[in-house]
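K.L.:
Take a look and give me a structure for this.
(one chain, ligands or ions: 1)
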Amino acid sequence: MRVLVTGGAGFIGSHLCDLLLAEGHSVAAMDNLVTGNRANIAHLDGEPRFRFVHHNVNEFIAYDEPLDAVLHLASLPSPVDYLQMPIQTLKVGALGTLNALGLAKAKGAAFLLASTSEVYGDPLVHPQREDYWGNVNPVGPRGVYDESKRFAEALTMAYHRYHGVSTRIARIFNTYGPRMRLDDGRVVPNFCRQALAGEPLTVYDDGSRTRSFCYVSDLVDGLYRLLLSEESDPVNLGNPQEMTILQFAETVIRLAGSGSEIRFITPTDARTKDDPQTRRPDITRARTVLGWEPRVALEEGLGATIAWFRERV
Ligand code: UDP
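P.N.:
The predicted structure follows:
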């Protein structure tokens, strides 16, 4: 296949490029490098089946070559980033998705949207199944991300139903691994950086909120299986092993061999406004339709991630 990956220099995008190349496909990674990083794909320079295209997907995408698939991963998924860049976040979910869908339609290519567990908002149903419509505050600080992804899903289904584009929607839950930005503000890079530097781990509020963390190799395997499937309804991709943020902090400290303490803080900015209290994917659909489930245990994946961060802190 000839595949275009938007956000291809980002954390998940770059791992997806690696997998697609390993499977024998040709890959173009498109990125405007706002949060993506050229270093994430530097090892692919010189690979004849790979090329990098520096472009902002919010602008019309002129692309001369044929394409079999457009995988739309360009996004600002860190709450700290989308609080700082709210308009860009809305634009890439709306205009970026429109341009990427338009390109897929013009090329007769399949389209895959990287959506998010944030479409469920602060969920009133637990664990989250794909048929849950969510609990999102449209005017809260997270609304810029959540609503842009909900709009992106609606747009994707409209192109599917009205234009007959072959589409997929992956709802990605918290994912971690090497190539996360050290300063992106999310809990995994924050805690790893703090533990490795011997600084206190900043657990927000009382640390009782829960998340479920999926290692990036499992996640991109799920995205690839979804692409190869014919499933146009949304599919949750994530690891159902749930823990509190306090438990997660303790795990990072232990695996990093760190002497850091835990510090409970209450952010005074909007960072924790509408912060989901609980989050865990129901992955029955992914298991059934894709034959997929995560294989990398937290200790293993976090060990590899900490080792990667250790060289960069
Ligand atoms: N969090 C925390 N300390 C940090 C960063 C995040 O306690 O230094 C919490 C945050 O409030 C949330 C959870 O960890 O409850 C996951 O946050 P993250 O920013 O990774 O992404 P989210 O899952 O909210 O999109």
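
K.L.:
Let me see the confidence value for the spatially most distant residue from the centre of the chain.
P.N.:
In the chain, residue 259 marks the outermost C-alpha relative to the chain mean, sitting 30.5 Å out by C-alpha atoms, centre = their mean. Residue 259 carries a pLDDT score of 97 in this model.

K.L.:
Next: residue 313.
P.N.:
Note on residue 313: pLDDT of 89.

K.L.:
again, but for residue 271
P.N.:
For residue 271, the pLDDT comes out at 87.

K.L.:
Can you tell me the SS state at it?
P.N.:
In three-state terms, and counting by DSSP: H, G, I helix; E, B strand; the rest coil, residue 271 is helix.

K.L.:
State the number of residues packed around the residue lying closest to residue 86 once chain neighbours are set aside.
P.N.:
Nearest non-adjacent residue to residue 86, counting by C-beta to C-beta, 6 or more residues apart in numbering: residue 144, 4.2 Å away. Placement of C-beta: from N, CA and C, glycine included. Close neighbours of residue 144, defined as other C-beta atoms under 10 Å, add up to 22.

K.L.:
Tell me which residues touch the residue in the stretch 201-313 of the chain that the ligand sits nearest to, please.
P.N.:
The stretch 201-313 of the chain approaches the ligand most closely through residue 204 (3.5 Å), counting by C-beta to the nearest ligand atom. With contact taken as C-beta atoms under 8 Å, 6 or more residues apart in numbering, residue 204 is in contact with 245, 264, 265, 266, 267, 271, 272, 275.

K.L.:
Just among those residues, which is most surrounded?
P.N.:
residue 245 (20 neighbours).

K.L.:
how near is the residue nearest to that residue when sequence neighbours are not counted to residue 143?
P.N.:
Spatially, and ignoring its direct neighbours in sequence, residue 245 is nearest to residue 207 (4.8 Å; C-beta to C-beta, 6+ apart). Here residue 207 is placed at a distance of 25 Å from residue 143 (C-beta to C-beta, to the nearest Å).

K.L.:
likewise residue 74?
P.N.:
According to C-beta to C-beta, residue 74 stands 19 Å off from residue 143.

K.L.:
between these two, which one's more packed in?
P.N.:
For residue 74 and residue 143, the more surrounded residue by other C-beta under 10 Å is residue 74, and the numbers stand at 29 against 20.

K.L.:
ok so, going back, if I pick the residue farthest from the centre of the chain, what's in contact with it?
P.N.:
By C-beta under 8 Å, 6+ apart, the residues touching residue 259 are residue 198.

K.L.:
can you list the residues of this structure near the ligand?
P.N.:
Within the chain, the residues that sit near the ligand (C-beta under 6 Å from any ligand atom) are 79, 174, 186-187, 190, 202-204, 209, 211, 245, 272, 275.

K.L.:
will you turn the residues you listed into a markdown table that also has secondary structure and distance to residue 1?
P.N.:
Output for those, formatted as a markdown table (DSSP: H, G, I helix; E, B strand; the rest coil; distance: C-beta to C-beta, whole Å):
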| residue | secondary structure | distance to residue 1 |
| --- | --- | --- |
| 79 | helix | 34 |
| 174 | coil | 28 |
| 186 | coil | 31 |
| 187 | helix | 35 |
| 190 | helix | 37 |
| 202 | strand | 43 |
| 203 | strand | 43 |
| 204 | strand | 42 |
| 209 | coil | 39 |
| 211 | strand | 33 |
| 245 | helix | 39 |
| 272 | helix | 41 |
| 275 | coil | 39 |
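
K.L.:
closest to residue 239 among the residues you listed?
P.N.:
Nearest to residue 239 among the residues of the chain next to the ligand: residue 174, at 8.3 Å, using C-beta to C-beta.

K.L.:
Identify the residues contacting the closest one.
P.N.:
So residue 174 contacts 117, 188, 211, 212, 213, 214, 238, 279 (C-beta under 8 Å, 6+ apart).
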